[in-house]
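In: Coordinates for the following, if possible.
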Amino acid sequence: MTQVAFPKLLSSQIAFDIARTILDGFDKHYRLFREASQAAKRHFETADWAVAQRAARERIDYYDKRVGEAVATLENDYAPEDLVDGVWREIKLHYIGLLSGHKQPELAETFFNSVSVKILHRTYYHNDFLFVRPVISTEYIETEELQPTYRVYYPAADGLRFALKRIVTNFQLACPFAALDRDVQLVEARMREAFGLDQLEPNQQFQVLSSLFFRNKGAYIVGRAINGAREYPFVIPVLHNRRGELVLDTVLTDPLHIAVLFSFTRAYFLVDMEVPSAYVQFLRSLLPRKPKSEIYTLLGLQKQGKTLFYRDYLQHLKHSSDRFQSAPGIRGLVMLVFELPSFPYVFKVIKDFYPPPKETTRAQVKEKYLLVKHHDRVGRMADTLEYSDVAFPLHRFSEELLADLRQHAPSLVEIEGERIIIKHLYIERRMVPLNIYLAEAGQAKDEERIEHGIVEYGNAIRDLVAANIFPGDMLYKNFGLTRQGRVVFYDYDEIEYLTDCVFRDIPEARNEEEEMASEPWYPIGKHDVFPEQFGRFLLGNPKIRHYFMQHHADLLTRAWWQSHKDRILAGEVQDIFPYPQQIRFHHPITTPAL
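Out: Now for the predicted structure:
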């Protein structure tokens, strides 16, 4: 007969008190997180866009602040000699007990890890002391009865139009609609066409998440239509018009459009969720190709996204055998980029030294990446995952890559037996570099692809500018194409706020000597930008030049850049739509408002 060994009775009061302190820190964090999400509804109703943007930026820092508070409390209240290995093991066990009945157990486990790694050496980074694997199941966590995760509506019983109107009015937005009946009729017609709802099955229903999704100047109703054995995702954007009234701008029914709305290149949503795992499960039914890590991240729970991503990465590493290698494309002056070919992400390490003309430091580069993390990425800047002390299997690294790391980033590389530790790196979704895409299209004489790449490149610049971002280095190698064919910027070491730039025309030469000089004869300030020069390094290829001048010639003029800078300085929050213009209902009184 096999004997089962039971753990001895937990006996450390210190361990229980520490576990309670950490959980109290998490509960404070999530309470403030939900309050920020609830405030987003008020900001939307009052159209207070500047306050809404500031609140969204501040919320990103909530987590690290609460972790810092918890660490400071533990370091102040307990002597290091009290925190022996046995106590730390008990801390985790007590913590597991405290999570019984908790509504956000997976987030609380991640918070425990975040606090613990600030105190423990990395030799403790295993499942005895941390939640390397989750313990508490998130299946079937119950919400409060007054706010279920989603509400159900029955068009077969109430009529399709009436059900759609109830979906909208149940959110009780404190603003009048301009013409709700008209908008609902437009949504109904679009849904009938897209979903084939003229023949309703007995179990036909709409399931709609109970909280609105807020981002920038839009609110989004997220749901799915069920008709028989078929499920159809939909999202209804709600906007303000010029008179401050609300309109339903369109209904997204194409899974591709919905995927772009929930892209890793956009700012995080603000959503009031009592049970976030239930929202993630619902959204996965709408976005089956999107990993849970990305869904948590786009809901503003980026630390949980990091945790799940790293678990997925470890699983992939265990079940693959290819080797890490330098990423294809032109090598950057600031970042060393490598990849695992079977894994759809790239790893970016800041180099120790930068050759001229680069003038920057590691701290400044990290500040640029932090700027992007806090900024509205408007679908044109890739989100990044930042990690410290990441261990890789040494035998999986190519000799060339090891040599590059030792040469270019020796301060960040440490060998521990059969592991290589990289002390700081960023991880991004892998994309096809735009310069490679254009070169391959040119070799294939595929003018349609060339035009698409250049149109998207110019559109990316325009969206970044509308969000007060000047890319700095506008070379094609710093942009990439996503799976949906959208061009995205991903090299941030020279990024600047548009409003910090000084846009100038090149002065006319006063004589032939100045005109023929190899160096500029006029003074150039640190933030001076000369748009007419862009063509010299962007438009050498005749085909590229043709399509650029056809679609984006105004990007080569100072007037275009200055006009956008002036609008931002005047306080205007410019409008970038996360879905195609042609699918909007185009109300004549609607101002673009995303």
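
In: got a list of contacts for stretch 65-83?
Out: Contact with stretch 65-83 is made by 14, 18, 21-22, 25-26, 28-29, 32, 111, 114-115, 118-119, as judged by CB atoms under 8 Å, 6 or more residues apart in numbering. No exception for glycine: its C-beta is placed from N, CA and C like everyone else's.

In: Revised request: answer the last question for stretch 445-453.
Out: 434, 437-438, 441-442, 481, 485, 487, 543-544, 547, 551.

In: out of those, who's nearest T307?
Out: Nearest to T307, judged by CB to CB, of the contacts of stretch 445-453 is L481 at 28.6 Å.

In: Identify the residue spatially nearest to that closest one, adjacent ones excluded.
Out: Leaving aside its chain neighbours, L481 sits nearest to V432 (4.7 Å; criterion: CB to CB, 6 or more residues apart in numbering).

In: Just the strands from the stretch 301-450 of the chain, written as ranges.
Out: Assigned by DSSP state E, counting those that start in this stretch, the strands in the stretch 301-450 of the chain fall at 325-326, 335-339, 345-350, 385-393, 413-416, 419-429, 432-433.

In: Oh, that last question was meant for the stretch 51-200 of the chain, not what I typed.
Out: Going by DSSP E, counting those that start in this stretch, the stretch 51-200 of the chain shows strands at 150-153.

In: so where's it shaky on pLDDT?
Out: Applying pLDDT under 70 to the stretch 51-200 of the chain picks out residues 123-124, 145-146, 197, 199-200.

In: on that earlier part again, and the furthest pair within the contacts of stretch 65-83?
Out: With distance counted by CB to CB, no two of these lie farther apart than I14 and L32, which are 27.5 Å apart.

In: Flag the shaky bits of the stretch 401-550 of the chain, pLDDT-wise.
Out: Within the stretch 401-550 of the chain, the segments meeting pLDDT under 70 span 514-515.

In: where along it do the helices fall?
Out: If DSSP state H, counting those that start in this stretch is used as the criterion, the helices of the stretch 401-550 of the chain fall at 434-443, 447-466, 512-516, 534-538, 542-552.

In: Kindly reformat those as a markdown table containing mean neighbour count and distance to T253.
Out: Formatted as a markdown table, the helices of the stretch 401-550 of the chain follow (neighbours: other CB atoms under 10 Å; distance: least, CB to CB, whole Å):
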| stretch | mean neighbour count | distance to T253 |
| --- | --- | --- |
| helix 434-443 | 17 | 29 |
| helix 447-466 | 20 | 23 |
| helix 512-516 | 10 | 58 |
| helix 534-538 | 14 | 37 |
| helix 542-552 | 16 | 28 |
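
In: was I right about P155 contacting K165?
Out: No - using CB atoms under 8 Å as the test, P155 is too far from K165 to be in contact (11.1 Å).

In: could you list every residue that touches I91?
Out: I91 touches 15, 18-19, 22, counting by CB under 8 Å, 6+ apart.

In: ok, now with 6 Å
Out: Shown in contact with I91 (CB atoms under 6 Å, 6 or more residues apart in numbering): 15, 18-19.

In: so which of these comes closest to T149?
Out: Nearest to T149 among the contacts of I91 is A19, at 28.3 Å by CB to CB.

In: Quick check, that closest one in contact with I96.
Out: No - with contact defined as CB atoms under 6 Å, A19 does not reach I96; the gap is 8.7 Å.

In: ok, the two, which is more surrounded?
Out: Neighbour count, other CB atoms under 10 Å: between A19 and I96, A19 has more, with 23 against 16.

In: Name the residues of the host helix or strand of the more buried one that are buried.
Out: According to DSSP states H and E, A19 maps onto helix 13-46. If you call a residue buried by 16 or more other CB atoms under 10 Å, then helix 13-46 has these buried ones: 14-16, 18-19, 21-23, 25-26, 29-30, 32-34, 36-37, 39-41, 43-44.
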